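Novice: Here's my sequence, what's the structure:
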Amino acid sequence: MEEVLSELKQINHRLDSIENRLESVENRLEIVEFEQQQIKQAVLETNEKVNRLVTIQESQHRIIELLSARSIQHEAELKRMSDLQVVV
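Specialist: Below you'll find the model as predicted:
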């Protein structure tokens, strides 16, 4: 009978140990899930910022193309005016 009681105590002790480890794993899992959610939020915010930057960059590219075309046009007009002054 003593042996059975001793065996039961060992089993109870092992079960307690397993329960403690399981609780620890559950706590760590909660932390990981929370951190994962934070990472997802950060990724979404980063994507929004990148999309805004892309939009701004595309707008700036169009403006640069327009200014480049105007600059070429102005240079042509200045050359034409210069050529006219030489003729006059």
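
Novice: Run through the chain and note the low-pLDDT ranges.
Specialist: 87-88 (pLDDT under 70).

Novice: Break down it into its helices, ranges please.
Specialist: 2-87 (DSSP state H).

Novice: Would you mind writing the CA trace of stretch 36-46 as PDB?
Specialist: Only the C-alpha atoms of stretch 36-46 are listed here, as PDB (Å, rounded to 0.1, in the frame of the first residue of the first chain):
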ATOM      1  CA  GLN A  36       2.300  39.100 -33.700                       C
ATOM      2  CA  GLN A  37      -0.700  41.400 -33.700                       C
ATOM      3  CA  GLN A  38       1.600  44.300 -33.100                       C
ATOM      4  CA  ILE A  39       3.900  43.300 -36.000                       C
ATOM      5  CA  LYS A  40       0.900  43.000 -38.300                       C
ATOM      6  CA  GLN A  41      -0.200  46.500 -37.300                       C
ATOM      7  CA  ALA A  42       3.300  47.800 -37.900                       C
ATOM      8  CA  VAL A  43       3.400  46.200 -41.300                       C
ATOM      9  CA  LEU A  44       0.000  47.700 -42.200                       C
ATOM     10  CA  GLU A  45       1.100  51.100 -41.100                       C
ATOM     11  CA  THR A  46       4.400  50.800 -43.000                       C
END
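
Novice: buried ones in that stretch?
Specialist: When burial is assessed from 16 or more other Cβ atoms under 10 Å, stretch 36-46 yields no buried residues. Every C-beta, even on glycine, is put in place using the N, C-alpha and C of the backbone.

Novice: Off-centre distance for that stretch?
Specialist: 7 Å (Cα atoms, centre = their mean, to the nearest Å).

Novice: repeat for stretch 42-59
Specialist: Per Cα atoms, centre = their mean, the centroid offset for stretch 42-59 relative to its chain is 10 Å.

Novice: Can you give me the distance of residue 29 to residue 49?
Specialist: 30 Å (Cβ to Cβ, to the nearest Å).

Novice: Please read the previous query as pertaining to residue 13.
Specialist: Residue 13 sits 54 Å away from residue 49, going by Cβ to Cβ.

Novice: Please list all residues in contact with residue 4.
Specialist: Contact analysis of residue 4 by Cβ atoms under 8 Å, 6 or more residues apart in numbering lists nothing.
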